[in-house]
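**Q** return a 3D structure for these sequence lines:
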Amino acid sequence: MQQNSSFFLFVVACIVLLSTIGTATSTHTPYTRQGVVVMLGHIVENEARIWVQTKTPARTSISYKPVAGQLGAVTDDHFTTSEHGNAYTFTLPFLTSNTEYEYNVNVEGVIRAQGTFVTPPTLETLDTMPNISFVMGSCAYLLDARLGEEGGEHHTQIFNSMAAEEPSVVLWMGDNVYLRSPDLTSYSGFINRYTHMRNHDSIQELLQCAPNIAVWDDHDFGANNSVGSAPYGDMSLQAFQNFWANPESNFGRQHGCITASYRYMDVEVFLLDNRMFRQLPSAYGDSAAVFGKAQIDWLKENILASFASVKIIVSGGQILNTFAEFENHSRYKQEHEFLMSTLRELADNDVLIVSGDRHFSEVTRLIGHQGDTLVDCTVSPLTSSAWATPTDVNPDRVEGSLVTERNYAVLSISGPYQHRSVEIHYKNVTGESVYSLKLQ
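**A** Here you go, the predicted structure:
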């Protein structure tokens with residue numbers, strides 16, 4: 001996106017403000033909004049993406065500057081349109097690392113939302129590594145009164161509990177909206193469902209507190225257990241890209257999928273697409289795919305090339321659970337054998353899997369013949385119904401890790417570079433701890 005001439009002065013100011021000791025923390029005015037929805041997306045050391053949705057088509061821009069500085073910049077105007085749900089992702093370039101910024105969302109020349117964000121520090125400037133936390137979950141169902149859905153929604157408090165964790169990054173691990181059958185017949189239907197979710201009051205603080213990054217699963221791709229050949233696949237991809245401000249990748253562009261990676265300081269997150277390549281076992285038998293060989297090869301190559309202290313693989317469904325039912329990856333026999341062989345090759349690379357889907361949470365730990373360990377932390381559900389008595393026979397479930405109430409998890413990362421300590425903390429709707437485990 002082209003920027004106006006104020007960028008030159010802005011860049012000069014940013015150079016002066018560059019910090020090389022410690023890490024910036026957010027202390028500025030709390031986020032406010034009037035008639036717009038704002039979400040922080042992909043944020044790296046020198047660039048940020050901010051997603052905005054207006055109520056009606058409108059001329060929109062974002063002005064921004066360092067909290068401690070005087071000079072700032074403004075994006076070009078963008079006219080939001082109803083055909084895209086009045087939503088648009090702005091890119092804020094030429095930022096300074098380890099700096100807190102304040103921003104204004106301007107709609108038709110009037111400030112309609114304000115907030116702050118912090119760019120991460122560059123590793124070379126740090127004497128010690130700061131602690132990092134990821135707050136995560138899956139299966140976020142919201143009732144829609146327009147469809148006659150009734151009942152209490154007190155459990156939406158979970159979103160406020162997640163925001164109160166003050167995370168570094170928010171990970172949405174699939175079924176982030178629940179598409180209903182009428183939504184699948186047109187792109188307007190997809191826009192309607194995403195807009196209903198994004199405008200819910202309970203979620204606003206979470207959308208703004210940190211970068212929000214997502215993968216999908218069946219219910220935010222389409223119908224229950226949907227596969228890549230579904231007739232609405234193109235509309236689903238367009239809606240996902242329109243309503244999330246994820247990082248992009250060459251692989252994703254070339255293959256028409258959501259696959260990408262995101263590096264936050266010394267942690268790299270690998271976002272897998274478990275829908276676009278998925279095939280029906282009833283049609284393809286043991287050779288049916290979920291991720292596809294090309295995506296698994298991409299994952300292997302990028303993990304081996306990564307210098308991150310911790311590598312997190314994010315999947316909308318379970319990978320390690322050997323109970324070959326439902327949509328567990330072990331049901332897809334040939335690909336599962338290939339993926340497990342690949343993961344065992346990567347086991348010494350500080351790899352961790354996190355997944356959603358199951359309407360209960362658990363930690364699955366596999367220990368190989370060579371002593372290599374693979375871990376899959378499943379986190380589900382957020383606001384959808386919880387499965388009180390799962391029928392899975394998972395022999396590799398860590399004892400005590402089964403959670404059968406609505407929950408989210410906090411992944412805490414601490415310690416020195418390349419020797420990080422990782423812990424997971426499962427918490428209930430009100431933020432009370434229900435299970436914790438040191439992972440590495």
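**Q** break the protein into its domains for me.
**A** Listed domain ranges for the chain are 6-124, 128-438 (source: automatic domain parsing).
**Q** could you tell me the least trusted of the ones you listed?
**A** Ranked by mean pLDDT, those bottom out at domain 6-124, with a mean of 84.
**Q** now do that one: distance to the chain's middle.
**A** Relative to the centre of its chain, domain 6-124 is centred 19 Å away, using CA atoms, centre = their mean, to the nearest Å.
**Q** please report how far residue 324 lies from residue 281.
**A** Note on residue 324: its distance to residue 281, by CB to CB, to the nearest Å, is 10 Å. The way it works is simple: take the backbone N, C-alpha and C, and place the C-beta from them, glycine included.
**Q** if we can go back for a sec, now render the domains of the chain as TSV, adding mean neighbour count.
**A** Formatted as TSV, the domains of the chain follow (neighbours: other CB atoms under 10 Å):
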stretch	mean neighbour count
domain 6-124	17
domain 128-438	19
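**Q** list the contacts for the closest residue to residue 79 other than its chain neighbours?
**A** Excluding the flanking residues, the one nearest residue 79 by CB to CB, 6 or more residues apart in numbering is residue 59, at 5.5 Å. By CB atoms under 8 Å, 6 or more residues apart in numbering, the contact set of residue 59 is 77, 78, 79, 107, 108, 109.
**Q** how does it look with 7 Å?
**A** By CB atoms under 7 Å, 6 or more residues apart in numbering, the contact list for residue 59 reads 77, 79, 108.
**Q** go on, residue 82?
**A** If you count contacts by CB under 7 Å, 6+ apart, then residue 82 has residue 57 around it.
**Q** phi, psi for it please.
**A** Main-chain torsions, residue 82, degrees, to the nearest 10: phi -70, psi -30.
**Q** overlap in contacts, residue 324 and residue 281.
**A** Among the neighbours of residue 324, those also in contact with residue 281 (CB under 7 Å, 6+ apart) are residue 331.
**Q** reformat the contacts of residue 59 as CSV; add secondary structure.
**A** CSV is the format used below for those (DSSP: H, G, I helix; E, B strand; the rest coil):
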residue, secondary structure
77, coil
79, strand
108, coil
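**Q** please convert these to CSV, extending it with distance to residue 430.
**A** Shown next, in CSV, are those (distance: CB to CB, whole Å):
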residue, distance to residue 430
77, 43
79, 42
108, 40
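**Q** and which of those is nearest to residue 307?
**A** When the contacts of residue 59 are compared for distance to residue 307 (CB to CB), residue 77 wins out at 39.2 Å.
**Q** roughly how far does that closest one sit from residue 34?
**A** 19 Å.
**Q** show the contacting residues for the nearest residue to residue 78 once chain neighbours are set aside.
**A** Computed as CB to CB, 6+ apart, the closest residue to residue 78 that is not its neighbour in sequence is residue 88, at 5.1 Å. By CB under 7 Å, 6+ apart, the residues touching residue 88 are 52, 60, 78, 80.
**Q** just flag the most distant two among these.
**A** Based on CB to CB, the longest span within those runs between 52 and 78 and measures 8.6 Å.
**Q** shared neighbours of these two, anything?
**A** Common contact partners of residue 52 and residue 78 (CB under 7 Å, 6+ apart): 60, 88.
**Q** and of the contacts of residue 59, the nearest to residue 95?
**A** Nearest member of the contacts of residue 59 to residue 95, counting by CB to CB, is residue 77, at 20.2 Å.
**Q** rewinding a little: can you put the contacts of residue 88 in CSV and add distance to residue 252 and secondary structure?
**A** Output for the contacts of residue 88, formatted as CSV (distance: CB to CB, whole Å; DSSP: H, G, I helix; E, B strand; the rest coil):
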residue, distance to residue 252, secondary structure
52, 22, strand
60, 26, strand
78, 23, strand
80, 24, coil
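**Q** any idea how far residue 219 lies from residue 139?
**A** Per CB to CB, residue 219 is found 8 Å from residue 139.
**Q** quick check: neighbours shared by the two?
**A** Joint contacts of residue 219 and residue 139 (CB under 7 Å, 6+ apart) are residue 175.
**Q** residue ranges for the helices of the stretch 301-440 of the chain, please.
**A** Secondary structure of the stretch 301-440 of the chain (DSSP state H, counting those that start in this stretch): helices at 333-345.
**Q** hang on, the earlier thing: nearest to residue 228, of the contacts of residue 59?
**A** For the contacts of residue 59, the nearest to residue 228 is residue 79 (33.4 Å; CB to CB).
**Q** now residue 401: closest residue in space that isn't a chain neighbour?
**A** Residue 401 sits nearest to residue 363 (CB to CB, 6+ apart), 4.0 Å away.
**Q** and the one you found, what are its bridge partners?
**A** residue 377 (DSSP bridges).
**Q** measure it to residue 271 for me?
**A** For residue 363 relative to residue 271 (CB to CB), the value is 21 Å.
**Q** let's have the contacts of residue 88 in CSV, adding distance to residue 352.
**A** CSV is the format used below for the contacts of residue 88 (distance: CB to CB, whole Å):
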residue, distance to residue 352
52, 33
60, 38
78, 38
80, 38
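**Q** tell me which of those is nearest to residue 205?
**A** Distances from residue 205 to those, taken by CB to CB, are shortest for residue 52, at 16.4 Å.
**Q** OK, contacts around the closest one?
**A** 36, 38, 60, 87, 88, 90, 105.
**Q** now swap in residue 294 and tell me
**A** residue 255.
**Q** and it, what element?
**A** Secondary structure from DSSP states H and E places residue 294 in helix 293-305.
**Q** next, work out how far apart the nearest residue to residue 166 once chain neighbours are set aside and residue 116 are.
**A** Leaving aside its sequence neighbours, residue 166 sits nearest to residue 209 (CB to CB, 6+ apart; 6.9 Å). Noted for residue 209: a distance of 10 Å to residue 116, by CB to CB.
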